[in-house]
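Participant: Would you be able to build a 3D model of this:
(4 chains)
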Number of protein chains: 4
Amino acid sequence: MASGMRGRVQVIEFESAVLRGNAAGDPHVRRIPVWTPPSYDAERERRYPVVYVLTGFTGRGRMLLNDNAWSPSLDDRLDGLVASGRCGEMIVVMPDCMTRFGGSQYLNSAATGRYADHLVDELVPWIDEHFRTRPGRDARGVAGKSSGGFGAITLGMKRSDVFGAVACHSGDMYFEFCYGPDLPKACSVLQESGGARAFLEKFEAKPQKGKDDFLALNMLAMAACYSPDPREELGTAFPVSLATSEFRDDVWARWLEHDPLRLLGAHADALRSLRLLYLDCGTKDEFHLHHGARRFARELAKLGITHHYEEFDDGHMNVPYRYDTSLPMLARALGA
Amino acid sequence: MASGMRGRVQVIEFESAVLRGNAAGDPHVRRIPVWTPPSYDAERERRYPVVYVLTGFTGRGRMLLNDNAWSPSLDDRLDGLVASGRCGEMIVVMPDCMTRFGGSQYLNSAATGRYADHLVDELVPWIDEHFRTRPGRDARGVAGKSSGGFGAITLGMKRSDVFGAVACHSGDMYFEFCYGPDLPKACSVLQESGGARAFLEKFEAKPQKGKDDFLALNMLAMAACYSPDPREELGTAFPVSLATSEFRDDVWARWLEHDPLRLLGAHADALRSLRLLYLDCGTKDEFHLHHGARRFARELAKLGITHHYEEFDDGHMNVPYRYDTSLPMLARALGA
Amino acid sequence: MASGMRGRVQVIEFESAVLRGNAAGDPHVRRIPVWTPPSYDAERERRYPVVYVLTGFTGRGRMLLNDNAWSPSLDDRLDGLVASGRCGEMIVVMPDCMTRFGGSQYLNSAATGRYADHLVDELVPWIDEHFRTRPGRDARGVAGKSSGGFGAITLGMKRSDVFGAVACHSGDMYFEFCYGPDLPKACSVLQESGGARAFLEKFEAKPQKGKDDFLALNMLAMAACYSPDPREELGTAFPVSLATSEFRDDVWARWLEHDPLRLLGAHADALRSLRLLYLDCGTKDEFHLHHGARRFARELAKLGITHHYEEFDDGHMNVPYRYDTSLPMLARALGA
Amino acid sequence: MASGMRGRVQVIEFESAVLRGNAAGDPHVRRIPVWTPPSYDAERERRYPVVYVLTGFTGRGRMLLNDNAWSPSLDDRLDGLVASGRCGEMIVVMPDCMTRFGGSQYLNSAATGRYADHLVDELVPWIDEHFRTRPGRDARGVAGKSSGGFGAITLGMKRSDVFGAVACHSGDMYFEFCYGPDLPKACSVLQESGGARAFLEKFEAKPQKGKDDFLALNMLAMAACYSPDPREELGTAFPVSLATSEFRDDVWARWLEHDPLRLLGAHADALRSLRLLYLDCGTKDEFHLHHGARRFARELAKLGITHHYEEFDDGHMNVPYRYDTSLPMLARALGA
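Facilitator: So this is what the prediction gives:
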């Protein structure tokens, strides 16, 4: 394609006031890629809808630009979609809400930082100020996969004043199914490491991390996001006691408060207000997320909330091709 | 070893009145191996203690005799232990409590059959009548691994009038840890098969069964044993709704009533009365059973109940070598 | 089935003169199961054809009797086949040609012992003397799976004077495909163990053996069978130098001399003389044996040698169900 | 780190005359990242050594910039190394020699294109012309991992007039060990796909590719690079006949001509002339490359060729941390 038809990526070095001094000791300066569409530099008065794309666990915005021979980076994908006429022009922002734990779930937490505030109260206004966005929730969407899908659907429920369209790919939900099965193994790994802090330090020191390492990190991160507790190691209460291996029902109850499936009822009106509510999942999701997605979609149907639900015959990994479906829908819904 | 020093295996064809017409349609005639020790045929007046060895899931007594080049069959193992002087002479019975579901957990269930009754009320008296046992609970023990370990510890709690010594190798307990993680996947498999009955029929028809098949069979079998319900398919209530994927707390509560960890408190006196209470587990048990074993052992210690607890640096499979530890202890405890 | 319709298993304690003092130090007394058909005990003058069933690597005859809830032991399988009328009555012998290395490939080797001689010159005459066989090659067959399939086809080529019918299930052939890929890994394991002898001693001492252990054992056993060399450790030349990791073409050439694919041409007349030549393989054989089986079958066709070749849509493991096909064919071919 | 201390990445759109109209139909315009060190923009007269970093199979230069939370991208890594004072300043070029087959091995091939020529005759002069390099082989190095390590060591042997220093991480060598074991499986996959071309087309059409897909692609790519043949499908002779599964010794012989182990003898002087010859490997390399690396190092020692050989206690994947060792050594050797 002629390079004139390509959009452009700028990587913003964003200095966050909200994240400064965060509990996990993570940097408050973040590199945030912003993709502006092909016409952006030439049509100097034109304004565009904007979509925030949230990465999954262990990811940050720049990762969406990673090169892969058979799966285009997000900027290449956008170039292709726009050039083909399938997708209207919009601005795409790729936030960095990574933490030492591997992620923030795009929530505020005393154990990690105020990532929801960073995103909504700090980054959105800054983008609106520095890029020619069409401001307002009706021209602003949020999308993501896995933990990013969780972030997108959660923001769609809690902050539909800010985001008017949502695409949730294989998003974390039905926590009993998607997290429950990994807790016993995570408990073993953390115990064998000598506790949560010792685990994290060993993890960081290893040049190569194994499968069980990431499983345990994932559970620890969810604890940091869903059940922070300043009285405990790393400011985090784990839903299984590392001393006795006993389930801690009170901690687990705090996790469940964040389960999109359980939030749905109280936020039906917010979801109803969205210009697009897109959900999907693979039918062989290794984290069993298709069960949650189906329950969520069924509940939406019961409540008469318009949505678009799709299933794909694959698993949880390597699914960015699904953005070919959701991004054009978002563009349309946001008036691109 | 000279063949005169070997014990002898007889395989009894046992016609069970208790199992006749059982709900699962399994045979009521069972082949039950009985090992008599080397001196049995020569010393015609001598009486012996007796140990019942219960197999794990998918097993039945004969399987304990299976040949393996590097792991002796139970009869060969007993021959070796006795010949070496490490283990006193006793009779060893290998019951067959197998069902169409892959096992019975040695419980009575309306979905499978009355396997506890078969074992305790029918087989034990028959053995005492037809073999020169030393009758009475003080000369009668029960041992097993995995589901067989569950059976042994459960019988030790509920029927200490019948069994006076217990060896539980990697027994099922702490159900949230050992079964909970497999329920979502089992739910997927059963749903994809078109329900519990369709799954079971497909399973039986396959010349080769896969890993997920056995995972689903295991969960279905536990449901048949712990939560039978005549109103449901196969007479079995599954703890996840196959229609909606929702957890069924009431069904799960019925499972938990069988968790040895939860039974312990009410049966402390029974456990205290045992001449031997042996438990072990691998520290890398793939079903996370070491967490349950540790909790159980800790609870015993708190209650001041004498027991022998051991951990091995391995997993759940290929651990019959541990009978080299438990069988001599049982023999000693039972006065062999 | 009524027990009167069942055959009977006797386990012979066979004292082998041929194996006494064998190089590997394995026992010369072997337990060899012999199955006699239902009518055997009643019809005292009747004589029967006989089939020798050879087990795969790590197996010995008794293993064919192992109990499995969903795959009948060989005696139960024979009972069922005969009772259903699908299979004529014959005697089935289950030799034990196991060695410390995990197998003998049913060959004579200075590193293991004279297992071909034991089988052909010693066991066959003894069986003919002690059981009411119909002696002579036209009433004597040999069958086996994997290494046992290799044994069967090899005996069919080299000793068609003794065996007049052959069934080879997934037999070792096309050594470049079935062994070649495992040599580098085996080399690593043997080197890391400190050599072949040290490996074997560590292997034997481990209560639990891993996947790589068996891979290395398999390659070491093939070396002991195909390229014995009294000047080398364990009397065995390995086709890769453990000192330098270099391929040893001369040793590998000795292996290839045993490849059924390469033996075929010189033994075409022997194969042509068989009353049955049955071969099969799974299309997903993990050892790539379907490539060898297809080449073998194609070569037979080219030479105009009558044979029965079948493929199954599965892999290398858990395929005893295929005896339901081959045993009736053998019975028919041998006049049962 | 202050952004003034960071180097800068420019992604060149390089229009290649050499690759135009290449046989595989791959683009002749490539995006090639070039990293210039921190002082580059300020010190306008200063010239720098240059290192070409070659990616492994399925990679291209941009992939070296991929973001990963726990493993710095190559530019971030270089920033860190230079800032810490461990590594002198140099220019780093990240060529794109990717093909439809997944790679070119940095060779000229009639089936893919003239990638060696592109690199040496076209890209090197262009870089020297457009960047302030210190031209000449004594200030020019080449490094890479896996297929990139193969490229580096091969260029060090054949084009030591162009590259005066080499770092080969886990480079392809000892082809019998690193490729041999995958040929049978690749043969199966290609046959099941209906041939090489059909395989490649199916591969490209799949949104998600499996493990066996990549195994087969790898072998097919090596055939395209090592044994092109215009008479065969995709211009590529495969070392196993897809029609008969027979090994093709003549094709395999052409592969071996490219094995660095076999090239070593004839290029000893070239290797001796290098200012740095660095090799490493993991001791658990899944492609068995440690055997080749050790043989190569041993041969160098025999020939008295100075080199630096290192082993790491890990496998083939996730090893970019080793650039922390090799890049400073290259910088020093090249006078940075």
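
Participant: hey, let's count contacts and neighbours off CA atoms from now on
Facilitator: Noted.

Participant: in a strand, that's where A:Asp128 is, yeah?
Facilitator: No: in this structure, A:Asp128 is helix, not part of a strand, as judged by DSSP: H, G, I helix; E, B strand; the rest coil.

Participant: Quick check: it touching A:Pro135?
Facilitator: Yes: with contact defined as CA atoms under 8 Å, A:Asp128 and A:Pro135 form a contacting pair (6.3 Å).

Participant: So for those two, which residue has more residues nearby?
Facilitator: A:Pro135 (18 against 14; other CA atoms under 10 Å in any protein chain shown).

Participant: In three-state terms, label that one for me.
Facilitator: Taken by three-state DSSP, the conformation at A:Pro135 corresponds to coil.

Participant: wait, doesn't it sit right on A:Glu129?
Facilitator: No: proximity of A:Pro135 to A:Glu129 does not meet the contact threshold set by CA under 8 Å, at 9.2 Å.

Participant: Show the residue spans covered by the helices in the stretch 151-300 of chain A.
Facilitator: Chain-ordered helices for the stretch 151-300 of chain A, with DSSP state H, counting those that start in this stretch as the definition, fall at A:175-178, A:183-193, A:196-205, A:211-226, A:249-256, A:260-263, A:268-272, A:289-302.

Participant: Could you dump those helices into CSV with mean pLDDT added?
Facilitator: Rendered in CSV, the data for those read as follows (pLDDT from 0 to 100):
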stretch, mean pLDDT
helix A:175-178, 98
helix A:183-193, 98
helix A:196-205, 98
helix A:211-226, 98
helix A:249-256, 98
helix A:260-263, 98
helix A:268-272, 98
helix A:289-302, 98
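
Participant: Dump these to CSV, plus mean neighbour count and distance to D:His288.
Facilitator: Formatted as CSV, the entries for these read as follows, by neighbours: other CA atoms under 10 Å in any protein chain shown; distance: least, CA to CA, whole Å:
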stretch, mean neighbour count, distance to D:His288
helix A:175-178, 22, 37
helix A:183-193, 21, 30
helix A:196-205, 16, 26
helix A:211-226, 22, 22
helix A:249-256, 16, 45
helix A:260-263, 18, 47
helix A:268-272, 18, 54
helix A:289-302, 20, 38
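
Participant: quick one, which of these is nearest to chain C?
Facilitator: Distances from chain C to each of the helices of the stretch 151-300 of chain A were compared using CA to the nearest CA; the shortest belongs to helix A:211-226, at 19.0 Å.

Participant: Residue ranges in the stretch 1-150 of chain A under the pLDDT threshold?
Facilitator: Judged by pLDDT under 70, the stretch 1-150 of chain A has its weakly predicted residues at A:1-4.

Participant: picking up where we left off before, would you mind putting the helices of the stretch 151-300 of chain A into JSON lines with distance to chain B alongside?
Facilitator: Below are those laid out as JSON lines (distance: least, CA to the nearest CA, whole Å):
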{"stretch": "helix A:175-178", "distance to chain B": "6"}
{"stretch": "helix A:183-193", "distance to chain B": "6"}
{"stretch": "helix A:196-205", "distance to chain B": "17"}
{"stretch": "helix A:211-226", "distance to chain B": "13"}
{"stretch": "helix A:249-256", "distance to chain B": "12"}
{"stretch": "helix A:260-263", "distance to chain B": "11"}
{"stretch": "helix A:268-272", "distance to chain B": "20"}
{"stretch": "helix A:289-302", "distance to chain B": "6"}
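
Participant: who wins for proximity to D:Leu289 among those?
Facilitator: For the helices of the stretch 151-300 of chain A, proximity to D:Leu289 was assessed by CA to CA; helix A:211-226 is nearest, at 23.2 Å.

Participant: And chain D, is that closest one touching that?
Facilitator: No: under the criterion of CA under 8 Å from any CA of the partner chain, chain D is not reached by helix A:211-226; the shortest gap measures 11.8 Å.

Participant: which ones are touching the closest residue to A:Gly102 other than its chain neighbours?
Facilitator: Once flanking residues are discounted, A:Gly102 sits nearest to A:Thr58: 4.5 Å by CA to CA, 6 or more residues apart in numbering or on different chains. Contact partners of A:Thr58, counting by CA atoms under 8 Å, 6 or more residues apart in numbering or on different chains, are A:98, A:102-103, D:69.

Participant: how much space between the residue in chain A that chain B sits nearest to and A:Thr244?
Facilitator: Distances from chain A to chain B, computed as CA to the nearest CA, single out A:Pro181 as the nearest residue at 3.7 Å. Using CA to CA, to the nearest Å, one gets 18 Å for the distance from A:Pro181 to A:Thr244.

Participant: Comparing those two, which residue is more hemmed in?
Facilitator: Between A:Pro181 and A:Thr244, counted using other CA under 10 Å, the more crowded position is A:Pro181 (23 against 14).

Participant: Which residue is the nearest non-sequential neighbour of that one?
Facilitator: Using CA to CA, 6+ apart, the nearest residue to A:Pro181 is B:Pro181, at 3.7 Å.

Participant: Verify the stated contact: that neighbour with A:Ala186.
Facilitator: No: B:Pro181 lies out of contact with A:Ala186 (CA under 8 Å); the separation is 11.9 Å.

Participant: that older thread, residues contacting the residue of chain A closest to chain B?
Facilitator: The contact partners of A:Pro181, taken as CA under 8 Å, 6+ apart, are B:180-182.
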